[in-house]
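[1] sequence and predicted structure below; questions after.
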Amino acid sequence: ESNKETRGFQTEAKQLLHLMIHSLYSNKEIFLRELVSNASDAVDKLRFEALTNDSLFEGDSDLQVKVEFDKEAGTITITDNGIGMSRAEVIENLGTIAKSGTSQFFQNLTGDQKKDAHLIGQFGVGFYSAFIVAKEVEVFSRRAGTPAAEGVHWVCNGEAEFTVADTLRESRGTTIVIHLKEDEKDFADNWRLRSIIKKYSDHISIPVVMEKINYDVADDESDKKADKAAPEFETINSATALWTRSRTDVSEEEYKEFYKHVSHDHAEPVTWSHNRVEGNLDYTSLLYVPARAPFDMYNREAARGLKLYVQRTFIMDDAEQFLPMYLRFIKGVVDSNDLSLNVSREILQQDPNIDAMRTALTKRVLDMLSKLAKNDVEKYASFWKEFGQVLKEGPAEDFANREKIAKLLRFATTHTNVATQDQSLEDYVARMKPEQKKIYYVAAENFNTAKSSPHLEIFRKKGIEVLLLSDRVDEWLMGHMVDFDGKPLQDVGKGALDLGELDTDEEKKAQEESAKTHADLIARVKKALEAQVSEVRVTHRLTDSPACLVVGDQDMGAQMRRLLEQAGQ
Ligand code: ADP
Ligand code: MG
């Protein structure tokens, strides 16, 4: 061993490590899931790179993850023959957090361990989870295709620093040695490890193997020695790519564990949709709706998209071409039989088959969401709370599906008069007055302002429901919605409000008369406010307030205007 140096963790990495150790103690065994998941990712990456460079296999293409333990020493060792890491990669990957928006994430932490544990789950648990049970972790690694002398040895005791040194390593890939804390030594146990692997890693598509233990001969000293010389290994997991199995063959638990593997999320998904498409295009997709929005959902640079496989071979993470931006929260896998193995992001952008797949996958997601909305109102409500804002971007981005998306939208309205967005447009339409032709809405910068808008007075008086919009995207949304179910959407704060069909003849007559009586007053007010307003009208929309401001029919909405002003325009 040579060239040893001691380094400090990046500040965020140090914080994450600390939080991990102190917040996730209630479910310690997940560390094995994370390490096996990383090993499987490493094997996927090797397979991918070997597509263009066969020599990376170094004569060993029997890809697997090996889990070993030593009861006396209190260690667990996880070895993979995947891509491995160079010295620089070890320092980078295990010493820093490269995710975009990391510092925002840390600003959200509360110091309350329960809440923070939840947030870490969203962030992704990962490698550091080893320190939940370890007093020290050693990593031995060598990148595939590099000489044995370029092995690297990383050691850390879970505090602020780690050491790295050069070491000789014959086999490519990574070995992680967990030195268990005194009171966690129970993990170094054959049956315990097997059951954890079965429980969390069954879906991993490569074999996870452990040494066979033959209890019949264990008492016999000579046999035991013979065993040691050539240990026999057996596969613990199913070792088939989960999405290739038939739906009826996969249990709910397996779907959930697979989600955690592909999403790097710690929480369970809300729902999923698993489909095989044959014909013109031949592919399998498995799409999940997460329970919680990622911390970086509004970061345009944040990673999004599906894991792409071609004929079971992993090609890339975050293939974003398969779903539109407003469905960026969807996680999952797509495995194509038509794409070429050397497909790249650039090729994906140009391939017309991808457009067809994107259209089909978008429909799948929208159908999955409608089904959720129909079958489980409560779950849909929590989905809406997390992702509703993003879905509202839909009608603008995806004109073809805007009616479908519109059905998925939920609003606060004067029907319930509370801020909770739980009313659909279909609900609204069902409650419309027989003579009512339009769907009315008011937009303001917050719910209370919307609710107490003077524009609503006449609607409340007549018992006509109005949508109460106060999200930043709402005006953008309404700008692209135009109508729903053949009924135009009308901003009650815009232009001359013509409640025409809703007014009785008597009301109309009274309106005409009051317009005449007040003509004089109007002229004077108009003169006085000349510089500020473009028109003054007698209105019948107010019952309590003496006057209100409206914007012209063709003008930008008030909320949109505020948005642009804030943006300095
Ligand atoms: P994630 O898996 O979400 O990227 P982790 O904390 O689990 O985050 O792992 C951090 C990084 O360390 C991985 O992205 C990968 O680059 C590297 N890594 C971890 N384990 C291995 C391994 N067994 N082989 C190669 N690289 C690994
Ligand atoms: Mg990981």
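    It's in. Ligands and ions are numbered 1, 2, ... in the order given.
[2] please count neighbours and contacts with C-alpha atoms only from this point.
    Noted.
[3] determine the three-state secondary structure at the closest residue to ligand 1 within the stretch 301-450 of the chain.
    Nearest to ligand 1, among the residues of the stretch 301-450 of the chain, is residue 317, at 10.4 Å (CA to the nearest ligand atom). At residue 317 the chain is in strand, as set by DSSP: H, G, I helix; E, B strand; the rest coil.
[4] enumerate every residue touching it.
    Listed by CA atoms under 8 Å, 6 or more residues apart in numbering, the contact set of residue 317 reads 305-308.
[5] do you know the pLDDT at it?
    The score at residue 317 is 92. That number is its pLDDT.
[6] give me the number of residues near whichever residue of the stretch 51-200 of the chain sits closest to ligand 1?
    The nearest approach of the stretch 51-200 of the chain to ligand 1 comes at residue 126, 3.3 Å away (CA to the nearest ligand atom). Other residues near residue 126 come to 20 when the count uses other CA atoms under 10 Å.
[7] for the residue lying closest to it once chain neighbours are set aside, give me its contacts.
    Excluding its sequence neighbours, the residue lying closest to residue 126 (CA to CA, 6 or more residues apart in numbering) is residue 34, at 5.4 Å. Residue 34 is in contact with 125-127, 129, counting by CA under 8 Å, 6+ apart.
[8] show me which helix or strand of this protein is least confident by mean pLDDT.
    Least confident helix or strand of the chain, by mean pLDDT, DSSP states H and E, is helix 221-229 with a mean of 55.
[9] that older thread, among the contacts of residue 34, who's most crowded?
    For the contacts of residue 34, the largest number of neighbours (other CA under 10 Å) sits with residue 129, at 25 neighbours.
[10] one step back: confirm the residue nearest to residue 126 sits in a helix?
    Yes. Membership of residue 34 in a helix is supported by three-state DSSP.
[11] flag every residue of the chain that's near ligand 1.
    Contacts of the chain with ligand 1, taken as CA under 6 Å from any ligand atom, map to 38-39, 42, 83-85, 93-94, 126-127, 174, 264.
[12] quick one: name the residues of the stretch 451-569 of the chain near ligand 2.
    Residues of the stretch 451-569 of the chain lying near ligand 2 by CA under 5 Å from the ion: none.
[13] and the residue of the stretch 451-569 of the chain nearest ligand 1?
    Residue nearest to ligand 1 within the stretch 451-569 of the chain: residue 473 (30.8 Å; CA to the nearest ligand atom).
[14] how close does that residue get to residue 391?
    10 Å (CA to CA, to the nearest Å).
[15] so which of those two has more stuff around it?
    Using other CA under 10 Å, the more surrounded residue of residue 473 and residue 391 is residue 391, with 20 against 17.
[16] is it correct that that one is in contact with residue 326?
    Yes. If you go by CA atoms under 8 Å, residue 391 and residue 326 touch, sitting 5.5 Å apart.
[17] still on that earlier bit, now neighbour count and pLDDT too, for the contacts of residue 317, in CSV please.
    Compiled in CSV, these are given as follows (neighbours: other CA atoms under 10 Å; pLDDT from 0 to 100):
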residue, neighbour count, pLDDT
305, 21, 94
306, 28, 96
307, 22, 95
308, 22, 95
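[18] residues of the helix or strand hosting residue 359 that come out buried?
    Assigned by DSSP states H and E, residue 359 falls within helix 352-375. Within helix 352-375, the residues that count as buried by 16 or more other CA atoms under 10 Å are 354-355, 357-359, 361-362, 364-370, 372-373.
[19] contacting residues around that helix?
    Helix 352-375 has contacts (CA under 8 Å, 6+ apart) with 271-273, 281, 287, 321-324, 327, 348, 379-380, 404-405, 407-408.
[20] among these, which ones are buried?
    271-273, 287, 321-324, 327, 348, 380, 404-405, 407-408.
[21] min pLDDT across the residues you listed, which one?
    Among the buried ones among the contacts of helix 352-375, residue 348 has the weakest pLDDT, 89.
[22] give me every residue that touches that residue.
    By CA under 8 Å, 6+ apart, the residues touching residue 348 are 321, 354.
[23] could you dump the host helix or strand of it to PDB, C-alpha only?
    If you go by DSSP H and E, residue 348 is part of helix 345-350. Coordinates of each C-alpha in helix 345-350 appear next as PDB, following Å, rounded to 0.1, in the frame of the first residue of the first chain:
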ATOM      1  CA  ARG A 345     -28.900  10.600 -26.100                       C
ATOM      2  CA  GLU A 346     -28.400  12.400 -29.400                       C
ATOM      3  CA  ILE A 347     -29.900   9.500 -31.400                       C
ATOM      4  CA  LEU A 348     -32.800   9.300 -29.000                       C
ATOM      5  CA  GLN A 349     -33.700  12.900 -29.700                       C
ATOM      6  CA  GLN A 350     -33.900  12.200 -33.400                       C
END
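[24] per-residue pLDDT, the residue of the stretch 451-569 of the chain closest to ligand 1?
    What the model reports for residue 473 is a pLDDT of 93.
[25] if I look at residue 400, how far off is ligand 2?
    37 Å (CA to the ion, to the nearest Å).
[26] and stretch 374-387, how far from the chain's centre?
    When C-alpha coordinates are averaged (CA atoms, centre = their mean, to the nearest Å), stretch 374-387 and its chain have centres 15 Å apart.
[27] okay, how far is it across stretch 166-184, tip to tip?
    30 Å.
[28] would you mark the buried spots in it?
    Residues of stretch 166-184 classed as buried: 166-169, 171-181 (neighbour count, 16+ other CA under 10 Å).
[29] equivalent analysis for stretch 89-96, please.
    Neighbour-count burial for stretch 89-96, with 16+ other CA under 10 Å as criterion, is recorded at 90-91, 94-96.
[30] returning to what we had before: name the nearest of the buried ones among the contacts of helix 352-375 relative to ligand 2.
    The nearest member of the buried ones among the contacts of helix 352-375 to ligand 2, counting by CA to the ion, is residue 287 at 19.5 Å.
[31] what average pLDDT does stretch 288-295 get?
    Stretch 288-295 comes out at a mean pLDDT of 91.
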